[in-house]
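**Q** Make a model of this:
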Amino acid sequence: MIKNIYSIGQYKVRIYDGNGEPRVGFISLSNNTGCAGYLHDSLNPGNIEICRFDKTKREVEGTFNMTLINRDCTDSLMYITDGKFAFWY
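**A** Residues are numbered from 1 along each chain as shown. From the prediction side, this is the model:
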């Protein structure tokens with residue numbers, strides 16, 4: 001999660017909610033991974049780059065990367081290295 005984006009650029013991922021609880025970065029609804037949820041790794045929470053920010057059309061596009069962790073699983077780390085997004089706001 002990131003807040004208060006007003007222009008293109010790089011931003012750090014916020015890994016805690018307003019109550020200081022860690023945010024879930026991935027959750028498997030089908031639980032086919034053996035582990036239902038992964039949290040953001042506090043040592044490498046991730047980055048988001050806003051590449052396009054069109055205030056007239058209210059469109060945002062960008063990329064992201066992050067490391068997620070679940071210490072209760074055999075495969076405790078999940079690496080997201082080339083995430084992309086586009087949405088209207």
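**Q** Can you name the residues that contact the closest residue to L77 other than its chain neighbours?
**A** Among residues not flanking L77 along the chain, I69 sits closest, at 5.7 Å (C-beta to C-beta, 6 or more residues apart in numbering). To be clear about C-beta, it is placed using only N, CA and C from the backbone, and glycine gets the same treatment. With contact taken as C-beta atoms under 8 Å, 6 or more residues apart in numbering, I69 is in contact with Y38, L39, H40, D41, S76, L77, M78.
**Q** same question, S28
**A** S28 touches C35, A36, G37, counting by C-beta under 8 Å, 6+ apart.
**Q** Now which of those would you call buried?
**A** C35, A36 (16 or more other C-beta atoms under 10 Å).
**Q** Reformat the contacts of S28 as TSV; add pLDDT.
**A** Formatted as TSV, those follow (pLDDT from 0 to 100):
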residue	pLDDT
C35	72
A36	73
G37	82
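**Q** Which ones among the contacts of S28 map onto strands?
**A** Among these, the members falling in strands (DSSP state E) are G37.
**Q** Name the nearest of the contacts of S28 relative to Y6.
**A** Within the set of the contacts of S28, G37 lies nearest Y6; the separation is 31.2 Å, counting by C-beta to C-beta.
**Q** so how far is R14 from the closest residue in space to Y6 that isn't next to it in sequence?
**A** Distance criterion C-beta to C-beta, 6+ apart; nearest residue to Y6, sequence neighbours excluded, is F53 at 7.8 Å. Between F53 and R14 the computed distance is 18 Å (C-beta to C-beta, to the nearest Å).
**Q** Please pull out the lowest mean pLDDT helix or strand from this structure.
**A** In the chain, no helix or strand scores lower on mean pLDDT, DSSP states H and E than strand 24-27, which sits at a mean of 76.
**Q** hmm, back to that, which pLDDT value does the model give the residue nearest to L77?
**A** Looking at I69, its pLDDT reads 88.
**Q** what's the spacing between it and V24?
**A** Counting by C-beta to C-beta - I69 and V24 are separated by 11 Å.
**Q** joint contacts of these two?
**A** In contact with both I69 and V24: Y38, L39, using C-beta under 8 Å, 6+ apart.
**Q** Now the phi/psi pair for the residue sitting furthest away from the middle of the chain, please.
**A** In the chain, the residue that sits farthest from the middle, by C-alpha atoms, centre = their mean, is T56; the gap is 25.5 Å. With angles defined as degrees, to the nearest 10, T56 sits at phi -70, psi -50.
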